[in-house]
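# Just to be clear, the model below is a prediction. Sequence and coordinates:
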Amino acid sequence: MANYDKLKNDMAICDGERLGGYATPCRGQLYRCTACGAVGCRQNKENACSKQGFDVAFKCYACGAVGKEELVASGHEASKSAASTAERVANTD
Ligand SMILES: [Zn+2]
Ligand SMILES: [Zn+2]
């Protein structure tokens, strides 16, 4: 279905492979760590994907920061989630 392909291309999805058992495409939603810039998908188990970036608690695999993730959406780089704005303001000490 053409609409399905377009939707997948417009979103930032993980192109890693699921680990364990047999390899299948992940296609999970990608998140970016605002602390270190790492990008990866989120899985509810550790080492569940070859390009996993976050665990179930949104802890960054690269730097260990928790809750610093933001959705990666292609074509919407300027949009920041309102939820993280207050946190950034409160962070100026
Ligand atoms: Zn993945
Ligand atoms: Zn990080």
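That came through, no problem. Ligands and ions are numbered 1, 2, ... in the order given.
# Okay, now the unreliable bits of this protein?
Applying pLDDT under 70 to the chain picks out residues 1-11, 75-93.
# what ranges do the strands span in it?
Here the chain has its strands, by DSSP state E, at 30-33, 39-42, 52-54, 69-71.
# Establish whether the second one and ligand 2 are in contact.
Translated: strand 39-42. No: applying Cβ under 5 Å from the ion, one finds strand 39-42 separated from ligand 2 by no less than 9.3 Å. All C-beta spots, glycine's among them, are computed from the backbone N, C-alpha and C.
# do the same with the third one
No: Strand 52-54 lies out of reach of ligand 2 by Cβ under 5 Å from the ion, never closer than 7.9 Å.
# What lies in contact with that strand?
Residues outside strand 52-54 that contact it (Cβ atoms under 8 Å, 6 or more residues apart in numbering) are 16, 30-31, 33, 38-43, 46, 60-62, 69.
# deepest of the strands of the chain, which one?
Among these, strand 52-54 has the highest mean neighbour count (mean count of other Cβ atoms under 10 Å), at a mean of 24.
# Can you verify my assumption that V39 contacts G28?
No: here V39 lies out of contact with G28, judged by Cβ atoms under 8 Å, at a distance of 11.7 Å.
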